[in-house]
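# Build me a structure from this.
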Amino acid sequence: MKDNPVIVYFEDDEKSRTVVSIILTKRMRISQLTIFEDSMDFLARMESVNPPPDLVLLDIHIKPHNGFKMLAMLRGADRFKSVPVAALTASVMNEEIQNLREAGFDGCLSKPVNLTFFPQQIERLLSGENVWAIV
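Numbers count the residues shown, from 1 in each chain. Reported below is the predicted structural model:
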């Protein structure tokens, strides 16, 4: 994991935002975390993150653009093509996981996040590993 990684998280659920924020900032000491509560003006918001993110975490069922649409926008933008993108979702049925893989996500972490394993999963994603942690 690089020193001081930049992480962007799109999440509409307040409890999920709080838990993930505490783990990333307090436990993992990540100081460059940006959290958005909806996906309005998605690409403009992503462009405003400076330096560019090292990891993007997307809630799948956020509005107005769901996680699949946001991933497609990221993969279509040169600046974000190679940035690891993981889904953070409570929808972890086999069909949905297959859809995430086919769409091009670099991983999926199930919600609620596992407090023991979540930091390791984030570190693995930041190091370029695909992580499919469905519990």
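# what about the spatially most central residue of the chain, which SS state?
Centroid-nearest residue in the chain: Leu57, 0.6 Å away (criterion: CA atoms, centre = their mean). On the three-state scheme (DSSP: H, G, I helix; E, B strand; the rest coil), Leu57 is labelled strand.
# Show me what it is bridged to.
Per DSSP bridges, the residues bridged to Leu57 are Tyr9, Ala86.
# Mean pLDDT per helix and strand in the protein: which one sits at the bottom?
Across the helices and strands of the chain, mean pLDDT, DSSP states H and E gives its lowest value to helix 94-103, namely a mean of 88.
# Name the residues that touch that helix?
Outside helix 94-103, the residues that touch it by CB atoms under 8 Å, 6 or more residues apart in numbering are Ile60, Phe68, Leu71, Ala72, Ala87, Thr89, Cys108, Trp132, Ile134. C-betas here are computed from N, CA, C, even on glycine.
# which one of the residues you listed sits closest to Pro5?
Ala87 (18.5 Å; CB to CB).
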